[in-house]
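Visitor: need the 3D shape of this:
(one chain, ligands or ions: 1)
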Amino acid sequence: MKNMNETILVVEDDAQIKNYICYALKQEGFQYLTASTAQHALSQLVSEQIDVLLLDLGLPDFDGMEVIARLREWSEMPIIVVSARDQDKEKADALDAGADDYLTKPFSSTELLARIRVAIRHMYKEGGNNGQHYVFTGGLGIDFDKHLVYLDGTEVHVTPLEYSLLALFFRNVGKVLTTKYIIKEIYGIGYGTDTQALRALMSGLRRKIEKNPAKPRYIHTEIGVGYRLIDE
Ligand code: CA
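Guide: Numbers count the residues shown, from 1 in each chain. Presented below is the predicted three-dimensional model:
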């Protein structure tokens, strides 16, 4: 995937990490801009043509969360948050505030580029793929018209709630969905943050769609944050 026309804004105050990211982007043929503060990031988001935002949360002037909140007032551009390993709560909050994905430091350039590609693919999908009724990833497929689930070409019998859960993932293939978001979407507001019911629902679904539910191929657990349907 060379000669990409997309421009990435890299917001990172750690020079070493910033250089590492920029080198990887350059190797891959991406164009990029950089910012070391939230203020500078916001001014570039307003004035430049940017396609994907790569955002460190711990910035010197104000929090990256603030950048997400402000950007979401006027733009739907993909936001990938970069944060440290021990900040699970922060990652979940960032996703709930409107970020699309996150990378945990330290990360490899392969991981970084894969996430950016997924973000870009989503950006184009949102525009053109709305009328799609049958979607699949690997051998797992869903028919939105008939409310059916297929695994390797065979229909899988799921409960209405399991279908709703899987449909939610299929509307967000490749994206991390936070536990809080899933509970709100599946059970509705007011259900609180009871994760027990979701965990039970998830394990039931996994028994039906995963060959080895202990090592899921399709729906991965993002520890401390939520779940992700893998884009195969
Ligand atoms: Ca930082």
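
Visitor: can you name the residues of the chain sitting close to the ion?
Guide: Residues of the chain lying close to the ion (Cβ under 5 Å from the ion) are 13, 56, 58. Where you see a C-beta, it was placed from the backbone N, CA and C, and this is true even at glycine.

Visitor: residue in the chain with the shortest distance to the ion?
Guide: Of the chain, the residue with the smallest distance to the ion, taken as Cβ to the ion, is residue 58 at 3.7 Å.

Visitor: which parts of the worst-scoring helix or strand of the chain on mean pLDDT are buried?
Guide: Lowest on mean pLDDT, DSSP states H and E among the helices and strands of the chain sits helix 109-128, with a mean of 80. Using 16 or more other Cβ atoms under 10 Å as the burial criterion, the residues of helix 109-128 that qualify are 112, 113, 115, 116, 117, 118, 119, 120, 122, 123.

Visitor: pLDDT wise, what is the nearest residue to residue 137 once chain neighbours are set aside at?
Guide: Excluding the flanking residues, the one nearest residue 137 by Cβ to Cβ, 6 or more residues apart in numbering is residue 232, at 4.7 Å. The score at residue 232 is 85. That number is its pLDDT.

Visitor: from residue 58, how far off is residue 232?
Guide: Between residue 232 and residue 58 the computed distance is 33 Å (Cβ to Cβ, to the nearest Å).

Visitor: same check on residue 217?
Guide: Where residue 58 is concerned, residue 217 sits at a distance of 34 Å (Cβ to Cβ).

Visitor: and the two? Which one has more around it.
Guide: Legend: neighbour count by other Cβ atoms under 10 Å for residue 217 and residue 58, higher for residue 217 (17 against 14).

Visitor: for that one, list the residues it contacts.
Guide: Residues counted as contacts of residue 217 (Cβ atoms under 8 Å, 6 or more residues apart in numbering) are 138, 210, 211, 230.

Visitor: and of the buried residues of helix 109-128, the nearest to residue 185?
Guide: Here the nearest of the buried residues of helix 109-128 to residue 185, counting by Cβ to Cβ, is residue 122; it sits at 17.6 Å.

Visitor: correct me, but that closest one touches residue 174?
Guide: Yes. Under the criterion of Cβ atoms under 8 Å, residue 122 makes contact with residue 174 at 6.8 Å.

Visitor: ok, so of the residues of the chain next to the ion, who is nearest residue 106?
Guide: When the residues of the chain next to the ion are compared for distance to residue 106 (Cβ to Cβ), residue 56 comes out closest, at 13.0 Å.

Visitor: domain assignment for this protein?
Guide: Using automatic domain parsing, the domain parsing of the chain gives 7-125, 134-229.

Visitor: mean neighbour count, the ones you listed: which tops it?
Guide: Mean neighbour count (mean count of other Cβ atoms under 10 Å) peaks for domain 7-125 among these, with a mean of 18.

Visitor: how far off centre is it?
Guide: When C-alpha coordinates are averaged (Cα atoms, centre = their mean, to the nearest Å), domain 7-125 and its chain have centres 12 Å apart.

Visitor: now stretch 220-232
Guide: Taking Cα atoms, centre = their mean, one finds stretch 220-232 lying 9 Å from the centre of the chain it belongs to.

Visitor: 31 is where my numbering starts, stick with that
Guide: Right, with 31 as the first residue, what we last looked at is stretch 250-262.

Visitor: dump the residue contacts of residue 111.
Guide: Contact criterion Cβ under 8 Å, 6+ apart gives 85, 86, 87, 94, 98, 121, 124, 125, 129, 131, 132, 133 as the residues in contact with residue 111.

Visitor: fine by me, thanks again.
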